[in-house]
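**Student:** what's the 3D shape of this:
(one chain, ligands or ions: 1)
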Amino acid sequence: MENIVEIKNLTIEFNSRSAKSHRALDGLDLALERGGTLSIVGESGSGKSTLLRAVMALIPPTAGSVALFGKDTAKITTAELNSLRRRCGYVPQDPYGAIPPGLSVIDAVMEPEIIAGVKRTKEERLERAKKLLAEVGLTGERILASRAVGLSGGQRQRVELARALMLDPELLLCDEPTSMQDASTRGEIIEVLRRRTGGGMSMLFVTHDLLLAAHAAQKIVVLKEGRLCESGDSKEVLAAPRHPYTKALLDALPRIT
Ligand SMILES: Nc1ncnc2c1ncn2[C@@H]1O[C@H](COP(=O)(O)OP(=O)(O)OP(=O)(O)O)[C@@H](O)[C@H]1O
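**Tutor:** Here you go, the predicted model:
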């Protein structure tokens with residue numbers, strides 16, 4: 001099976017003002033097969049967002065390599081990179097900065113297709129955007145016409161997801177896409193993602209919540225301080241975590257007694 005993402009010995013360092021640079025990822029190896037789903041779990045600062053941004057080639061490797069759809073992202077032209085990025089949907093962690101402030105909700109969802117130059121009538125595009133918004137639980141003329149900046153964080157996250165799905169991505173990268181949702185919307189969003197991945201979309205899903213990680217994807221990797229400390233089938237990792245850090249993440253989850 002073809003690897004849609006292949007990361008080899010990836011190290012990413014950020015230069016800080018102090019003398020020592022900070023190593024956010026340290027010699028990481030991982031792969032995602034076409035059609036596969038993988039959750040990346042770890043505490044705050046473990047390098048999860050950095051990893052997603054490196055897959056999108058938004059940060060260059062300090063050492064090692066990232067291949068997206070079989071192409072080393074450091075060895076291709078900007079035009080080639082842009083065409084690979086167009087095959088991906090990216091739901092960034094911060095929904096406040098990501099949506100252009102002047103756009104209405106419906107325009108924000110239609111925008112990726114317009115930028116990509118997808119040929120469709122205005123009516124078809126509108127229908128498609130409305131359908132996606134309904135899929136993520138946003139309906140009603142008032143919400144669709146309102147500016148995205150006026151929405152709650154949870155609603156914006158849902159707009160971001162609809163935007164990311166607009167181009168029918170082969171690979172979806174989600175960075176804590178449910179962090180601002182209540183329990184019931186969180187469940188609905190995971191269902192949307194499951195339907196999509198059931199239809200063949202590959203996915204990288206970032207969360208600090210081990211239970212959610214297992215729910216969202218078939219496989220899990222656990223990151224600690226930029227290093228991979230455990231990986232495996234989601235159900236197995238959840239049932240029998242091997243690394244003490246994974247056990248601590250599991251013990252930290254709230255329990256219903
Ligand atoms: N642009 C940057 N410049 C300097 N340091 C950075 C930069 N981006 C991330 N870092 C540092 O790299 C480390 C990993 O950050 P990252 O955002 O990937 O962690 P994370 O696991 O996604 O955390 P969180 O769950 O809080 O989002 C952190 O120590 C962070 O401060």
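**Student:** going forward, measure contacts and count neighbours with C-alpha atoms only.
**Tutor:** Fine.
**Student:** from Lys119, how far off is the residue nearest the centre of the chain?
**Tutor:** Residue closest to the mean C-alpha point of the chain, counted by Cα atoms, centre = their mean, is Cys174 at 1.6 Å. Counting by Cα to Cα, to the nearest Å, the separation of Cys174 from Lys119 is 27 Å.
**Student:** mind telling me what element whichever residue of the stretch 51-200 of the chain sits closest to the ligand is part of?
**Tutor:** The ligand sits closest to Leu51 of the stretch 51-200 of the chain, with a gap of 6.4 Å, by Cα to the nearest ligand atom. In this assignment (DSSP states H and E), Leu51 forms part of helix 48-55.
**Student:** where do the strands sit along the protein?
**Tutor:** Under the criterion DSSP state E, the chain contains strands at 3-14, 22-33, 37-41, 63-68, 71-72, 88-91, 171-175, 202-207, 219-224, 227-233.
**Student:** make JSON lines out of those and add distance to Gly137 and mean pLDDT.
**Tutor:** Shown next, in JSON lines, are the strands of the chain (distance: least, Cα to Cα, whole Å; pLDDT from 0 to 100):
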{"stretch": "strand 3-14", "distance to Gly137": "29", "mean pLDDT": "96"}
{"stretch": "strand 22-33", "distance to Gly137": "29", "mean pLDDT": "95"}
{"stretch": "strand 37-41", "distance to Gly137": "23", "mean pLDDT": "97"}
{"stretch": "strand 63-68", "distance to Gly137": "31", "mean pLDDT": "97"}
{"stretch": "strand 71-72", "distance to Gly137": "36", "mean pLDDT": "96"}
{"stretch": "strand 88-91", "distance to Gly137": "16", "mean pLDDT": "94"}
{"stretch": "strand 171-175", "distance to Gly137": "17", "mean pLDDT": "96"}
{"stretch": "strand 202-207", "distance to Gly137": "20", "mean pLDDT": "97"}
{"stretch": "strand 219-224", "distance to Gly137": "27", "mean pLDDT": "96"}
{"stretch": "strand 227-233", "distance to Gly137": "30", "mean pLDDT": "95"}
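**Student:** could I get the ones you listed as CSV with distance to Leu250?
**Tutor:** Output for the strands of the chain, formatted as CSV (distance: least, Cα to Cα, whole Å):
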stretch, distance to Leu250
strand 3-14, 26
strand 22-33, 22
strand 37-41, 11
strand 63-68, 30
strand 71-72, 35
strand 88-91, 25
strand 171-175, 20
strand 202-207, 13
strand 219-224, 11
strand 227-233, 13
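**Student:** among these, which comes closest to Ala240?
**Tutor:** Ranking the strands of the chain by proximity to Ala240 (Cα to Cα) places strand 227-233 first, at 10.5 Å.
**Student:** which outside residues touch the closest one?
**Tutor:** For strand 227-233, the surrounding residues in contact (Cα atoms under 8 Å, 6 or more residues apart in numbering) are 25-29, 46, 218-223, 237, 242-243, 245-246.
**Student:** can you rerun that using 10 Å?
**Tutor:** Residues outside strand 227-233 that contact it (Cα atoms under 10 Å, 6 or more residues apart in numbering): 10-11, 23-30, 38-42, 46-47, 214, 217-224, 237-238, 241-246.
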